[in-house]
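1. one predicted model, sequence on top.
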Amino acid sequence: MIPTVARITGTGRGLPSRIFTNDDFASIGIETSDEWIMERTGIHERRIGSETETTCWMAAAAARGAMAKAGVTAGEIDTIILSTATPDRLLPATAVDLQAELGATRAAAFDVSAACSGWLYAITIAEGMIASGAIDTALVVGAEKMSAIIDWTDRSTCVLFGDGAGAVIVQRNKAGEKAGILSTFMRSDGCLANLLYRPDGGAAHPMTKEIVENRTHLVKMAGREVFKHAVREMSEAADRALDSAKLRSADIDLLIPHQANTRIIEATAKHASIPMSKVYVNVDRFGNTSSASIPIALDEVIEKKIVGPGSTVMMVAFGAGFTWASAIIRL
Ligand code: COA
């Protein structure tokens with residue numbers, strides 16, 4: 001058995017209260033249907049944050065849940081790593097707003113920007129910091145207010161995304177502990193950046209009236225191309241996670257794929273030879289919440305007792321960048 005240095009000791013999620021169903025798009029003048037969206041994506045509804053349900057607000061709700069389950073107080077957190085593509089402000093990082101909100105007075109805090117793979121990148125960083133001896137306890141959050149950056153007039157993208165946050169506490173293992181992070185894998189390909197991106201509004205092209213009028217500060221996506229890459233790269237990430245953990249598909253009790261689309265999820269599971277009965281899907285209720293999707297799902301499966309102590313869980317993600325990543329944990 002591979003020795004581990006760190007394990008997840010608590011999980012939590014924070015979701016806005018408003019449910020926006022596929023049928024609700026008619027009320028904002030979007031020509032679509034529940035049938036079209038369900039058939040192509042498996043999404044039936046998503047949460048949409050109010051003005052006060054910010055990225056930090058959702059992150060704090062998720063963090064408090066994870067801290068309560070881990071029995072960790074704010075003062076015991078050494079580092080807060082917050083993955084987001086939708087920071088509340090461009091400066092400073094949303095992680096420091098979260099640090100202040102929680103009163104985590106001993107914690108370093110920084111954001112990770114790796115789109116939908118970001119939370120897996122973030123737990124990899126947390127594990128590395130624990131392995132180096134720098135820290136003992138990390139709060140690792142994926143929090144996204146996708147509704148703030150999607151183009152609500154573009155039916156090919158606005159139906160796909162939702163808001164939410166998930167969080168975990170990652171802690172140093174005690175000697176002989178069986179639970180832990182068994183393997184991680186991260187990869188990227190920036191040559192494909194323009195297939196899923198926000199063209200303008202950053203430092204290269206700061207916001208202007210023209211940018212706002214042309215809506216080029218919002219998410220643009222070449223859906224079909226993204227789909228092909230998502231299937232290919234998620235499959236590679238699954239293979240790499242199994243290889244480095246020295247495990248076979250049959251050893252996996254549950255696969256939690258990034259929740260973008262049921263067709264991508266099914267293709268990834270098929271490639272990894274994992275039956276759909278061992279794959280968790282909640283994209284129907286939350287849509288694509290980017291880097292929040294895996295930690296939200298992880299909290300749900302533990303709460304529902306679909307997995308528990310001793311279970312082996314594989315997580316695989318793909319997102320803008322492109323970035324892709326995976327991890328296998330034993331609970
Ligand atoms: N409702 C109804 N019709 C829609 C629609 C909607 N919400 N969105 C697009 N359409 C129409 C298009 O206008 C097009 O019509 P046309 O043929 O008359 O021009 C038609 O549907 C087909 O569009 P296309 O974009 O080719 O559809 P698709 O079968 O590729 O499905 C996605 C679109 C976005 C669902 C699919 O490409 C996808 O899931 N891609 C991956 C996206 C993703 O998961 N991204 C995040 C990765 S982390």
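-> That came through fine. Not measured: the values here are computed from a predicted model.
2. which stretches in the stretch 101-250 of the chain count as strands?
-> Using DSSP state E, counting those that start in this stretch, the strands of the stretch 101-250 of the chain run over 108-112, 137-145, 163-172, 180-188, 196-197, 220-221.
3. so what strands line up beside the fifth one?
-> What it means is strand 196-197. According to DSSP bridges, strand 196-197 has the following sheet partners: strand 220-221 (antiparallel).
4. give me the residues contacting the partner strand.
-> Contact with strand 220-221 is made by 151, 156-157, 195-199, as judged by CB atoms under 8 Å, 6 or more residues apart in numbering. Backbone N, C-alpha and C define where each C-beta goes, glycine included.
5. same thing but at 6 Å, please
-> 157, 196 (CB atoms under 6 Å, 6 or more residues apart in numbering).
6. report the distance from it to the chain centre.
-> 19 Å (CA atoms, centre = their mean, to the nearest Å).
7. helix, strand or coil for S17?
-> coil (DSSP: H, G, I helix; E, B strand; the rest coil).
8. residues of the stretch 151-300 of the chain that sit close to the ligand?
-> 155-156, 159-160, 223-224, 226-227, 230, 260-261, 288 (CB under 6 Å from any ligand atom).
9. list of residues touching the helix or strand hosting I302?
-> Assessed by DSSP states H and E, I302 sits inside helix 293-303. With contact meaning CB under 6 Å, 6+ apart, helix 293-303 is reached by 11-13, 119, 142, 164, 166, 168, 256, 258-259, 280, 282, 307, 315.
10. tell me which residues in that helix are buried?
-> By neighbour count on 16 or more other CB atoms under 10 Å, the buried set for helix 293-303 is 293-302.
11. how about it as CSV, C-alpha atoms only?
-> Extracted in CSV, the C-alpha atoms of helix 293-303 (Å, rounded to 0.1, in the frame of the first residue of the first chain):
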residue,chain,number,x,y,z
SER,A,293,-18.4,20.5,-8.9
ILE,A,294,-16.2,17.8,-7.5
PRO,A,295,-16.1,19.0,-3.8
ILE,A,296,-19.9,19.6,-3.9
ALA,A,297,-20.3,16.0,-5.1
LEU,A,298,-17.8,14.6,-2.6
ASP,A,299,-19.7,16.2,0.3
GLU,A,300,-23.0,14.8,-1.0
VAL,A,301,-21.7,11.2,-1.4
ILE,A,302,-20.2,11.2,2.1
GLU,A,303,-23.5,12.7,3.5
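12. re earlier: and which of the buried residues of helix 293-303 is nearest the ligand?
-> S293 (8.9 Å; CB to the nearest ligand atom).
13. want to throw the residues of the stretch 151-300 of the chain next to the ligand into TSV with neighbour count and pLDDT?
-> Shown next, in TSV, are those (neighbours: other CB atoms under 10 Å; pLDDT from 0 to 100):
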residue	neighbour count	pLDDT
R155	16	97
S156	13	96
V159	22	98
L160	22	98
G223	14	95
R224	8	96
V226	20	97
F227	17	96
A230	26	96
A260	27	97
N261	23	95
N288	25	98
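14. could you work out the most separated pair of the residues you listed?
-> The most widely separated members of these, counting by CB to CB, are R155 and A230 (19.8 Å).
15. closest one of the residues of the stretch 151-300 of the chain next to the ligand to T73?
-> Using CB to CB, these come closest to T73 at N288, 33.1 Å.
16. and the residue of this structure closest to the ligand?
-> G223 (2.9 Å).
17. and for that residue, nearest residue in space, chain neighbours not counted?
-> The spatially closest residue to G223, leaving aside those adjacent along the chain, is S156, at 5.8 Å (CB to CB, 6 or more residues apart in numbering).
18. so I37: helix, strand or coil?
-> From three-state DSSP, the assignment for I37 is helix.
19. wait, it sits on V159?
-> Yes: taking contacts as CB atoms under 6 Å, I37 lies within contact range of V159: 5.0 Å.
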